[in-house]
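> sequence plus predicted model, see below.
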Amino acid sequence: MATFAHATPERCAQLGRALTAADLTWSDNSRQDAPQYLTYTATDPHGRTWQVSPATNFQISPSSPGQIWQASCAALMTRGPLLSARLVAEHIKDVPA
């Protein structure tokens, strides 16, 4: 079974601050108690909806332990790489129209 130990309350708070700092409208599903079900929804400047979720422990590289977030956008049929909170927010904000 996959584990999500890297999605700590502090890392969740960092993601929220990064999404806010990037001027993105966002919400979460309030499942910080169960990281395997945790998702954030953010809207990019072009009105597209992105889902951000934590990676499992098996996906996270030991050389980049802070890169735990992955964003996907159904409208673009894309899933980004594992990124830090700040970089995932910048990725969502900067994807061209």
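That came through, no problem. Keep in mind that what you see is a predicted model, and the values were worked out from it rather than measured. Numbers count the residues shown, from 1 in each chain.
> run a quick neighbour tally on residue 58.
7 (other CB atoms under 10 Å). For glycine as for every other residue, the C-beta is placed from the backbone atoms N, C-alpha and C.
> so it belongs to a strand, correct?
No: read with DSSP: H, G, I helix; E, B strand; the rest coil, residue 58 is coil and lies in no strand.
> the nearest residue to it once chain neighbours are set aside: neighbour count?
Counting by CB to CB, 6 or more residues apart in numbering, residue 2 is the residue found nearest to residue 58 once chain neighbours are left out, at 6.1 Å. Residue 2 has 10 neighbours, counted by other CB under 10 Å.
> how about the contacts made by residue 2?
Shown in contact with residue 2 (CB atoms under 8 Å, 6 or more residues apart in numbering): 36, 56, 57, 58.
> need the three-state assignment for the first one.
In other words, residue 36. helix.
> I'd say it and residue 6 touch.
No: using CB atoms under 8 Å, residue 36 makes no contact with residue 6, being 11.9 Å away.
> so for the two, which sits in the more crowded spot?
Neighbour totals were compared for residue 36 and residue 6, and residue 6 leads with 18 against 13 (other CB under 10 Å).
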